[in-house]
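In: sequence and computational prediction follow.
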Amino acid sequence: MSKAIAIGRWIFRFLGSYGVSVVLLLFLALLTFLGTIDQVHHGLYEVQKKYFESLIVFHRYLGVLPGVYLLLVLAFVNIFCGAILRTRLGWRHMGLFIAHAGILILLAGAFVSHEFSVRGHVTLYEGEQAESFISYDAWELVVTPQDENAGKQELAISGADLDRAASNTSVTFYADGLPFDVVVKDFAANARPVPADGVEAVDGFRLERLDHEREVERNVPGAHVVLRDTASGEEVESLLWGMARYPWAVTIDGERWAVNLRRVSWPLPFVLRLDRFTREFYPGTTTPKAFISEVTLLDDGLEQHARISMNAPLRHRGYTAYQASWGPADARPGDRLYSSLSVVRNPAEPFPLYACAAICLGLVVHFCVRLVGYLRAENARRTR
Amino acid sequence: MTKLWALAFLGLVAAPGARVQEMPDWNKEAVALFSTLPIQDGGRVKPMRTFAEYALLQVNGRRKCATAPAALPWPLGRMIYPNRKPTEWLLDSLFFPERVGEYPMFLVEDSDAVAALGAAALGEKRGRYTYESLAPARARLLDLASMYAGKSEREFDTAQRQILHLAENLRAFERIVDVMAFAHGVFSIPPDTALAAIFDGRTPLRLSEVLGRAPHVHQRFAAIRNGEGDYDDDARARELDAFRALFDHLDEIRNGATAIALFPPSDDGASWLTVSDVVEAAFMPERDVTQAIAWLDRLEALAAARDDGEAFNAILRALHASIRARAEARGEYGRVELEAAFLNAKLFYRSLMLYIACFVLIALSWLMPRSRAMNVATAVALAVPTTLLVAGIAIRCVIRMRPPVTTLYETILFVTAVAVGIAFFIEWVNRQRVALAVGGLIGLFGMLLANKFELSHGKDTMPTMVAVLDTNFWLTAHVTTIVVGYGASLLAGAFAHIYVLARAVGIRSDRPEFYRSLTRMTYGVFCFGFLFTFAGTVLGGIWANESWGRFWGWDPKENGALLIVLWQLATLHARLGGYLREFGLHVAAVCCMAIVAFSWWGVNLLGVGLHNYGWTSGTMNALIVFWAFEGIVLAIAAATWIRGRAMAARGV
């Protein structure tokens, strides 16, 4: 038993050791460097997935490396164990203790943000309003009943599930109450329909796979979908494409259904209306001076006016709206403009601020303690 | 007198091809008035002095311009044809365009390229060409440039980039000359036409006279075109042709004179007017440009008086007072004179020169290690250029109403000031003269870099801030902090260089105290740098969260800052854990310097990301040289370390 405790203590000491800290930090630096350089050839999204949100990275030249996600988890453990091992009372330790607590808050915040935050946009012409916001890059396949059944449960298949059909392997989805199965025969994250004939053609078209765009939000997916009547086994098929103007309308057993491949959207707990969008340029130049969206928040019958501009987002009920972009790009003076607001719901939004305050305070305390020590030592040396 | 002698000598030498040309020197008052004339350019109101400085830098790559081909041996040629300073050059370009065409101001790296385009090549491969000598190649040059225009700069090879650059410079110069082209020409109005009647038969007319009656001209033209008046078809056509000829003239001016917005508007609109704008607005009944037309009239008078210094000054004085009054009423003149004075003072250039002197003095002081007078002298020699630098940064802040660092150029100035400032503090604490020497070196390199950057960019270093950067709070909190971190990290790295090289050569190897003291300096500054890079990086994240909605986005610039922080953290923990001791710490500080260079300049070369504000071709080579140098230092460090181990093993 005491041996087990000894081993446990050894492991604890090891996890909290400076050696582990140094190795973790060097690996983090290496991966940060690789992930930066790789952005020249690959889009940020891909790089992020490969290096920063992964547990393991397979690198062309360096082989297998730990991913940044894994490293940060280990760093959290390392700091936590180290803090328990080494914290003492007194000024000499106080600063570093506070700073490390700040880093733990920062890492915890990063974890919460990564796992639980939602990010999308609301794009509105002046006078329009929205009750939901739309993802930049997440897609879903949605089956909606029409006619009198319009209130019925709809089937939504997430992009991750669709991806399982990505290499031409059929994946079947079904839901209680749906009189048919949804068979996704093929799915491509970036594709376009092209005219075709022969066996692979559906209604005279087939999906042409395209390379992934550098900016992930520019990918437009396509899917080859078959609806199979569970009772009769009859099949209807169609190609769905993200840019299609209308959903696929289909009648099965006398009921009308709409099948739609669309960007994921999330409801807002309030209504956002764009009243006016203003763009200002420095006189005589095309250098933007300001972009301002004047909006009205309608929440529970209450109206509230707000201005959203660069560096001045609107925060309301856990949601934050930022000025992101505007258009149309070729608008002439007097044309109706739209404004695109980024909307984020991030439960850990204030964490970095707390962390920053703690880290700065801790480092300043520690630095001052050390500086005083240095000055005393120098003074002693010179008087000697 | 020197001029006379030189002329006499010239007579003897009789340099072929050198044309002697009389170009009046601009008197001091004219230059002073002209340089503080407010204009609007690049989105802000600035003195003409600033425009002149960067226009000349762009065209000529230098802050001065020769006035004749350098057919004469130096310094003889410069005695006869003294260089023009920016404001004088701009005055020449606006008022003596035909003579400026003879100034050698277009730098051509490869004369074969311009020869292939049809210009007569100079003897040497690299040389400065006059506008006149490039004229035969102009059309093809501009054609080529417009062919390249669609491509991004990174796709060009060197020759293409040079062609494009030359074409841009040529156009930039032409645009400047076109600003005053109207004042050197007149309009002839065919007599006995309806058009002539509008102007009471006066001809030729100046632009201001034409624009003064613009609404009438337009009304009359419309009426005649619509069939009014007692004309047969031929007569009507003739009448209309007279109008159209005038409109063509005006169009030419309207298309050409777009470079400088000279006139503050009479209403409270934000945009100042160029000559082109005035021509356009004069025909719009709803716009009131009476005042601007009066200013045009004064400019025409100026051009007419260009050979008469006294008259020129008198007109310029009145014009300056009038425009200034309007700008003041709009609250836009406030810092114009300060800015002109700032440029005239050349603080940063003088600071560079003094850092060079300081460096020489420091080198001398090493020969007299015990001289107290020398100590004081070096400290003063370092303090003076540093004071100039700090004063320059402060004045820039006042002119722009911004915190000290908002552009890549300003980071250089600030990093230098921070590093030298900390070096001073350390010298004050430990009096070893190492910090002083390092401070001098950093000052020298920093100001060299700043100067080089400004020359190669040729753009106003006080630009307006794009919307996302238009926040003094975050610029102060994030940018200033992180740049202090850069400065301190570079200083720590510089100390580490001294340590490594001293160890390698074996200087003062009998005095371990010297090395221990160096280590304390390096470590202290390293930690100070860490404090600021860390705080700055996290603050950057918080700013990003305010403007883009995410704390961290793995953008290259963010990653660059993170790299420094991670490296510093690894170093500090390795030291705490006992993995690094004196030598190792210094090697780590040298590496940190290389990483700072990557973060500061290297990531800009990747050409991706949100912070992509500093794409600079040519930076790559400098960086490679720097990293190669650091590589050599590290190799020396490794060799020294191995030698030390071997000696220790042998018990030496």
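Out: Looks like it came in fine.
In: quick one: contacts for A:E215?
Out: Listed by C-beta atoms under 8 Å, 6 or more residues apart in numbering or on different chains, the contact partners of A:E215 are A:43-45. For glycine as for every other residue, the C-beta is placed from the backbone atoms N, C-alpha and C.
In: now the closest residue to chain B within the stretch 1-150 of chain A: closest residue in space that isn't a chain neighbour?
Out: With C-beta to the nearest C-beta, the shortest gap between the stretch 1-150 of chain A and chain B falls at A:Y18, namely 2.7 Å. Nearest residue to A:Y18, sequence neighbours excluded (C-beta to C-beta, 6 or more residues apart in numbering or on different chains): B:G577, at 2.7 Å.
In: right, and that neighbour touches A:V23 too?
Out: No. Under the criterion of C-beta atoms under 8 Å, B:G577 is not in contact with A:V23, lying 10.4 Å apart.
In: of those two, which one has the most company?
Out: The neighbour count for B:G577 versus A:V23, taken as other C-beta atoms under 10 Å in any protein chain shown, is higher for A:V23 (18 against 14).
In: just checking, next helix/strand downstream of the lowest-mean-pLDDT helix or strand in chain B?
Out: Ranked by mean pLDDT, DSSP states H and E, the helix or strand of chain B with the weakest confidence is helix B:2-13, at a mean of 45. Using DSSP states H and E, the helix or strand that directly follows helix B:2-13 along the chain is helix B:28-35.
In: check whether the next helix or strand after that next one comes near chain A.
Out: Next along the chain after helix B:28-35, taking DSSP H and E as the criterion, comes strand B:38-41. Yes. Strand B:38-41 reaches chain A (C-beta under 8 Å from any C-beta of the partner chain) through B:40-41.
In: quick one: strands adjacent to the helix or strand that comes right after strand B:38-41?
Out: Sequence order places strand B:44-47 as the next helix or strand after strand B:38-41, per DSSP H and E. Paired neighbours of strand B:44-47 in the sheet (DSSP bridges): strand B:38-41 (antiparallel).
In: averaged pLDDT, the partner strand. What do you get?
Out: Per-residue pLDDT over strand B:38-41 has a mean of 96.
In: go on, stretch B:192-202?
Out: 88.
In: now do the end-to-end distance for it.
Out: Using C-alpha to C-alpha, to the nearest Å, the end-to-end distance of stretch B:192-202 comes to 11 Å.
In: picking that back up, quick check: pLDDT value at the residue of the stretch 1-150 of chain A closest to chain B.
Out: Predicted confidence (pLDDT) for A:Y18: 94.
In: cool, and B:T616?
Out: 54.
In: ok, the one 5 residues further on next?
Out: Looking at B:N621, its pLDDT stands at 84.
In: so which residue is dead centre in chain A?
Out: For chain A, the residue nearest the mean C-alpha position is A:R119 (5.9 Å; C-alpha atoms, centre = their mean).
In: hmm, back to that, for the residue of the stretch 1-150 of chain A closest to chain B, grab the count of nearby residues.
Out: Neighbour number of A:Y18 under other C-beta under 10 Å is 18.
In: from memory it sits against B:A574, does it?
Out: Yes. In this structure A:Y18 lies within contact range of B:A574 using C-beta under 8 Å: 7.2 Å.
In: where in the stretch 151-300 of chain A is pLDDT low?
Out: Scanning the stretch 151-300 of chain A with the threshold set as pLDDT under 70 gives A:151-153.
In: what residue in it comes nearest to chain B?
Out: Closest point on the stretch 151-300 of chain A to chain B, by C-beta to the nearest C-beta, is A:Y282, at 2.7 Å.
In: not counting sequence-adjacent ones, nearest residue to that residue?
Out: A:Y282's closest residue in space is B:G43 (C-beta to C-beta, 6+ apart), at 2.7 Å.
In: does the top helix by length along chain B come close to chain A?
Out: If you go by DSSP state H, chain B has its longest helix at helix B:512-547. Yes. Using C-beta under 8 Å from any C-beta, helix B:512-547 reaches chain A at B:517, B:520, B:524, B:527-528, B:530-531, B:534-535, B:538-539, B:541-543, B:545-547.
In: pull out the buried members of these.
Out: B:517, B:520, B:524, B:527-528, B:530-531, B:534-535, B:538-539, B:541-543, B:545-547 (16 or more other C-beta atoms under 10 Å in any protein chain shown).
In: what residues of whichever strand or helix holds A:A101 count as buried?
Out: Assigned by DSSP H and E, A:A101 belongs to helix A:91-116. For helix A:91-116, a neighbour-count test (16+ other C-beta under 10 Å) marks A:94-107, A:109-111, A:113 as buried.
In: let's see the pLDDT reported for B:L262.
Out: For B:L262, the pLDDT comes out at 95.
In: for it, which non-adjacent residue is spatially closest?
Out: B:L262 sits nearest to B:I39 (C-beta to C-beta, 6+ apart), 5.6 Å away.
In: rounded mean pLDDT for stretch B:641-652, please.
Out: What stretch B:641-652 shows for mean pLDDT is 86.
In: quick one: contacts of it?
Out: Residues contacting stretch B:641-652 (C-beta under 8 Å, 6+ apart): B:503, B:583, B:587.
In: what is the neighbour count of residue 170?
Out: Going with chain A. Quick note: A:S170 (other C-beta under 10 Å) scores 12 neighbours.
In: nope, chain B
Out: With other C-beta under 10 Å as criterion, B:L170 counts 21.
In: could you pull up the residues touching it?
Out: Contacts of B:L170 (C-beta under 8 Å, 6+ apart): B:106, B:131, B:134, B:138, B:141-142.
In: my read is it is in a helix, agree?
Out: Yes. Counting by DSSP: H, G, I helix; E, B strand; the rest coil, B:L170 is found in a helix.
In: isn't there a strand covering the residue nearest to the centre of chain A?
Out: Yes. The assignment for A:R119 by three-state DSSP puts it in a strand.
In: in this structure it contacts A:S135, no?
Out: Yes. With contacts counted by C-beta under 8 Å, A:R119 reaches A:S135, the gap being 7.4 Å.
In: pLDDT of the helix or strand where B:T87 lies, averaged?
Out: Using DSSP H and E, B:T87 sits in helix B:86-95. Averaged over helix B:86-95, pLDDT sits at 94.
In: what comes up buried for the next helix or strand after it?
Out: The element immediately downstream of helix B:86-95 (helix or strand, assigned by DSSP H and E) is helix B:97-100. Going by neighbour count (16+ other C-beta under 10 Å), the buried part of helix B:97-100 is B:97, B:100.
In: sec struct for B:A121, please.
Out: coil.
In: cool, and A:A324?
Out: Per three-state DSSP, A:A324 ends up strand.
In: out of everything not next to it in sequence, what's closest to it?
Out: Nearest to A:A324 is A:S342, by C-beta to C-beta, 6+ apart, at 4.1 Å.
In: bridge partners for A:R279, pull those for me.
Out: Going by DSSP bridges, A:R279 forms beta bridges with A:F291.
In: isn't it up against A:W326?
Out: Yes. Using C-beta under 8 Å, A:R279 is in contact with A:W326, at 6.2 Å.
In: comparing those two, which residue is more hemmed in?
Out: A:W326 (20 against 15).
In: just give the nearest non-adjacent residue to that one, would you?
Out: Going by C-beta to C-beta, 6+ apart, A:W326 has A:S339 as its nearest residue, at 5.0 Å.
In: hmm, who's touching the helix or strand hosting the one you found?
Out: For A:S339, the host element (DSSP H and E) is strand A:338-345. Contact with strand A:338-345 is made by A:117-126, A:133, A:266, A:268, A:272, A:274, A:277, A:291, A:293, A:295, A:308, A:318-328, B:548-550, as judged by C-beta under 8 Å, 6+ apart.
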